[in-house]
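Chemist: Pasting the sequence and the predicted coordinates here, then a few questions.
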Amino acid sequence: TPGRVFGSVVDTIIRQASCDVVLIKNPSSPNSAPVHPKLDRWLIPTAGGPNSRQAIQLLPAFARLTKQPEVFLCQVHQPERSPADIEALKDAMVFLSNRLRCPVVLRSVCANSVSEAVVDLAQKDQCDVIVLGASREGLLQQAIQGNIPEAIARNSDCTVILVRKATA
């Protein structure tokens, strides 16, 4: 659908499929032809939700697509709020460090916009891939804040992998 990262069919699948869903948005070249992206530098923003945890669980399998992955695990919090549970971030780092043959770098970022902070961090760290959990926000919350994963996918120049855990 023009102007959308995900079309209505994909949006429905993300919301309603009873199985795990993994959606990959590859970057396009200027002439809109698909490119074969590098997959060396991985950014995993997490808010600690079930879809973020699922993305972290799948990352070791994804990272096997490259010989020497570099992994950045980050959490974004707004200025008026203190950082979320840093222990969950540390647990994710330990999980990934035990399963990957590379260092895992932690980042805690303070910003007004989560999606802008993630896109900026991906550009700053020259990340090739962003892996994130699908939003479980309700329609009202999305109308107020916007759909953060969709905004990241729309505004990022790198590959974006969106993960949604099966609904019960």
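Modeler: Everything's here; your move.
Chemist: In this protein, where is pLDDT below threshold?
Modeler: 1-8, 28-36, 82-85, 135-146, 168 (pLDDT under 70).
Chemist: what about the strands in this protein?
Modeler: 21-25, 41-45, 70-77, 104-110, 129-133, 159-164 (DSSP state E).
Chemist: Format those strands as JSON lines; extra columns: distance to residue 52.
Modeler: Heads up, the C-betas are built off the backbone N, CA and C, glycines and all. Listed next are the strands of the chain as JSON lines, based on distance: least, C-beta to C-beta, whole Å:
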{"stretch": "strand 21-25", "distance to residue 52": "14"}
{"stretch": "strand 41-45", "distance to residue 52": "8"}
{"stretch": "strand 70-77", "distance to residue 52": "9"}
{"stretch": "strand 104-110", "distance to residue 52": "14"}
{"stretch": "strand 129-133", "distance to residue 52": "4"}
{"stretch": "strand 159-164", "distance to residue 52": "8"}
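Chemist: can I get the ones you listed in a markdown table with mean neighbour count?
Modeler: Shown next, in a markdown table, are the strands of the chain (neighbours: other C-beta atoms under 10 Å):
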| stretch | mean neighbour count |
| --- | --- |
| strand 21-25 | 17 |
| strand 41-45 | 26 |
| strand 70-77 | 21 |
| strand 104-110 | 15 |
| strand 129-133 | 25 |
| strand 159-164 | 23 |
